[in-house]
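Engineer: what shape does this take:
(chains A and B)
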Number of protein chains: 2
Amino acid sequence: MAAAKVVATRWIHYWATSKRYRVGRNCVRAYTAMMSPPSKAVVYEQHGSPDKVTRVVEMAPVEVKENDVCVKMLAAPINPSDINRIEGVYPVRPQPPAVGGYEGVGEVYAVGSAVKVLSPGDRVIPFPPSFGTWQSYIVKDQSVWNKIHQETPIEYAATVSVNPLTAFAMLQDFVRLNPGDTIVQNGATSIVGQCIIQLALTQGVHSINIIRDRPGADGVKENLRKLGADQVYTESQLEVKNIKDMLGGLPEPVLGFNCVGGNAASLVLKFMRNGGTMVTYGGMSKKPVTVSTSSFIFKDLSLRGFWLQKLMSTDKASECRNMIDELLYLMHDGKIKYEMELVPFDDFHSALDTALGKQGSRPKQVLIY
Amino acid sequence: MAAAKVVATRWIHYWATSKRYRVGRNCVRAYTAMMSPPSKAVVYEQHGSPDKVTRVVEMAPVEVKENDVCVKMLAAPINPSDINRIEGVYPVRPQPPAVGGYEGVGEVYAVGSAVKVLSPGDRVIPFPPSFGTWQSYIVKDQSVWNKIHQETPIEYAATVSVNPLTAFAMLQDFVRLNPGDTIVQNGATSIVGQCIIQLALTQGVHSINIIRDRPGADGVKENLRKLGADQVYTESQLEVKNIKDMLGGLPEPVLGFNCVGGNAASLVLKFMRNGGTMVTYGGMSKKPVTVSTSSFIFKDLSLRGFWLQKLMSTDKASECRNMIDELLYLMHDGKIKYEMELVPFDDFHSALDTALGKQGSRPKQVLIY
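Structural biologist: Numbering: from 1, shown residues only, chains lettered A, B, ... in the order given. Now for the predicted structure:
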């Protein structure tokens, strides 16, 4: 950290010098290229098991061009999709050699000469999320960076763009929900699941939540209820003849979310009301979704999928930017919360092992730079 | 038939008499109830195996009230859903005792005094389709009956409202198709399947068709190609690594139809292009539809269901009426055709056995009155 500061000071000197030349003496440019500080990054040179192919390396300073912004990263999470990208099994991924990571939060360190809307010290996130956030300094075009308020805790700002945004967008995109409606979901303990519960609550929408059978299920249920879950069941509790008995007085769900597949997806479908929509956004059990013919014909269910990365490539990306602001507001206000473990960036491989499940079920790992 | 004519003549006499009284002497009504001729009908008094619970019985004449129309039926098919209704396994069905059948064509025999738009001799179909068409004379409110042109062969008029309309509505309801697009379907030899091929052709839309492996598959393929099918494959032909090789130069399908389930549904999904929609309207294999998580998330497939009977209860019923007209026109023009077997109504139980599959795979059975 101390070394980085020295470098930073030196870099600012370059920057000030070059700017003075360009502003004050337009006709004669004594051009000094702006360079970022050297940076530490998690890189992989080939696809494979992340604990084998990733290395933390020193990156040489890079030029900050006139439309670039150099950001000192503050925090970035390890998401399952980050792992899948390194493994090479994610459909959209950078070509190795590449720096890992896809979302995060940082502070503007310096800006190129043509950058007007951002200034050093601004808190920013890359949005739409962008490859290579596992890096202490990042230089990218100004269009990548979005200013956010300083007050949001950095671990929330670092993680807002993937899981909470997925929850928010899925609640908006498929069915027009009204206060009093019900949604049903499996994988309710995931961050997306927890955000769905809390976001539904802010809209007056009830939630029925399905979790897997596990030791300590009662404590898990209690935690989800504290977040606002109306009903929480383990899968085995739902092996009943008439699932409508488990509604507990709620209306039948008009919208369902599936991130598990297999039996857990069938349970979501069983709860749903005629004409409802189930959205699949994950497949944690690695089992497919199985649907009876009559669910389609007589129950008129629609099955859809959601992929944030696709949404980002459409004209809905700007709507998503507004959702991010609202999410950060809710996070600042304590209306959206979820558990995370903050890990120093230097302990990357330990955090990675945890994210890979080597320590069993643990909270989201967030790297702090 | 001769007896029926005698009755009919008598009935017309009643009708003329009563009408004269009502029109000419409003104040003093010498009311003579209009009665239909006696009728033969296929009735069942309880749900069960259709060959066990159905009986052909003589029905007593019924009163034709002022808004009623009495129709002499000409033809009505035995559809799988008719069988399911008798079995008691169809979600919407009349309460026994009931007369079988759901669609058909007839000729107006006589009309109630308040009926202005229909006259004896008019060719009519019940639309939306309506329970109880396996009956030689039917008396129902005038709103049930829709006049059609006389020229359509009666076996097509009798069968237009379920299978061809399903095909037409499904091609309209889910995806906006443009000329040059491709659809893919399984169960392509069904009447719906054959209509999909022919209707797609009229819209300049290509079709990829999947049939089950069977003796004589080559002849079946040839017949479907004659109807306009671009590609026809048996399921086993599609057990290939890259199904895109089987497109034969066609664009990837944007819309798929599944009336089989199981492997045949998976083959439809494999063919589909990103963002496509598969519509399930039947489950002939009695196997569910199984879908991978990535089909939903990364391929962005939508899975929907179609049920004509539900569509009829919505405000789309009037659109369907227009589709019927167009279908009848295409049928008259020979642009939609499919094989049927015409069976005298008196041989109902023989036709029923055929429809139940006791003679193996045979064309649609259409009762002729």
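Engineer: quick one, what contacts A:N263?
Structural biologist: Neighbouring residues of A:N263 by Cβ atoms under 8 Å, 6 or more residues apart in numbering or on different chains: A:E235, A:S285, A:K287. The C-beta positions use only the backbone N, C-alpha and C, and glycine is treated the same way.
Engineer: residues in contact with the closest residue to the second one other than its chain neighbours?
Structural biologist: The shortest distance from A:S285 to any non-neighbouring residue, by Cβ to Cβ, 6 or more residues apart in numbering or on different chains, is to A:G262 (4.5 Å). A:G262 makes contact with A:S285, A:K287, A:P288, A:V289, A:T290 under the criterion Cβ under 8 Å, 6+ apart.
Engineer: tell me which two of the residues you listed sit farthest apart.
Structural biologist: Using Cβ to Cβ, those reach their maximum pairwise distance at A:S285 and A:T290, which is 11.8 Å.
Engineer: number of nearby residues for A:Y329?
Structural biologist: A:Y329 sits with 14 neighbouring residues when counted by other Cβ atoms under 10 Å in any protein chain shown.
Engineer: how about the strand or helix carrying it as CSV, C-alpha atoms only?
Structural biologist: In this assignment (DSSP states H and E), A:Y329 forms part of helix A:317-332. C-alpha atoms of helix A:317-332 as CSV (Å, rounded to 0.1, in the frame of the first residue of the first chain):
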residue,chain,number,x,y,z
ALA,A,317,-29.1,-1.2,-19.8
SER,A,318,-30.0,2.4,-19.0
GLU,A,319,-33.1,1.2,-17.0
CYS,A,320,-30.7,-1.0,-15.1
ARG,A,321,-28.6,2.0,-14.3
ASN,A,322,-31.6,3.5,-12.6
MET,A,323,-32.2,0.3,-10.7
ILE,A,324,-28.6,0.4,-9.5
ASP,A,325,-29.2,3.8,-8.0
GLU,A,326,-32.4,2.6,-6.3
LEU,A,327,-30.6,-0.5,-5.0
LEU,A,328,-27.7,1.6,-3.6
TYR,A,329,-30.3,3.8,-1.9
LEU,A,330,-32.0,0.8,-0.4
MET,A,331,-28.7,-0.7,0.7
HIS,A,332,-27.6,2.6,2.3
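Engineer: follow-up on the earlier one: among the contacts of A:N263, which are in strands?
Structural biologist: Of these, none are assigned to strands by DSSP state E.
Engineer: could you dump those into a markdown table with neighbour count and pLDDT added?
Structural biologist: Output for those, formatted as a markdown table (neighbours: other Cβ atoms under 10 Å in any protein chain shown; pLDDT from 0 to 100):
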| residue | neighbour count | pLDDT |
| --- | --- | --- |
| A:E235 | 17 | 98 |
| A:S285 | 17 | 95 |
| A:K287 | 17 | 98 |
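Engineer: what would those residues look like in a markdown table with distance to B:A157?
Structural biologist: What follows is the contacts of A:N263, written out as a markdown table (distance: Cβ to Cβ, whole Å):
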| residue | distance to B:A157 |
| --- | --- |
| A:E235 | 52 |
| A:S285 | 51 |
| A:K287 | 48 |
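Engineer: now the strand ranked longest in chain A: buried residues?
Structural biologist: Determined from DSSP E, the single longest strand within chain A is strand A:68-77. Buried residues in strand A:68-77, counted by 16 or more other Cβ atoms under 10 Å in any protein chain shown: A:D68, A:V69, A:C70, A:V71, A:K72, A:M73, A:L74, A:A75, A:A76, A:P77.
Engineer: and for stretch A:166-181?
Structural biologist: For stretch A:166-181, by 16+ other Cβ under 10 Å, it's A:T166, A:A167, A:F168, A:A169, A:M170, A:L171, A:Q172, A:F174, A:V175, A:L177, A:D181.
Engineer: again, but for stretch A:224-235
Structural biologist: Buried-residue list, stretch A:224-235, by 16+ other Cβ under 10 Å: A:L224, A:L227, A:G228, A:A229, A:D230, A:Q231, A:V232, A:Y233, A:T234, A:E235.
Engineer: residues contacting the nearest residue to the third one once chain neighbours are set aside?
Structural biologist: With Cβ to Cβ, 6+ apart as the measure, A:L201 is the residue that lies nearest to A:G228, at 3.6 Å, once sequence neighbours are left out. Contacts here follow Cβ under 8 Å, 6+ apart; on that basis A:L201 touches A:S207, A:L227, A:G228.
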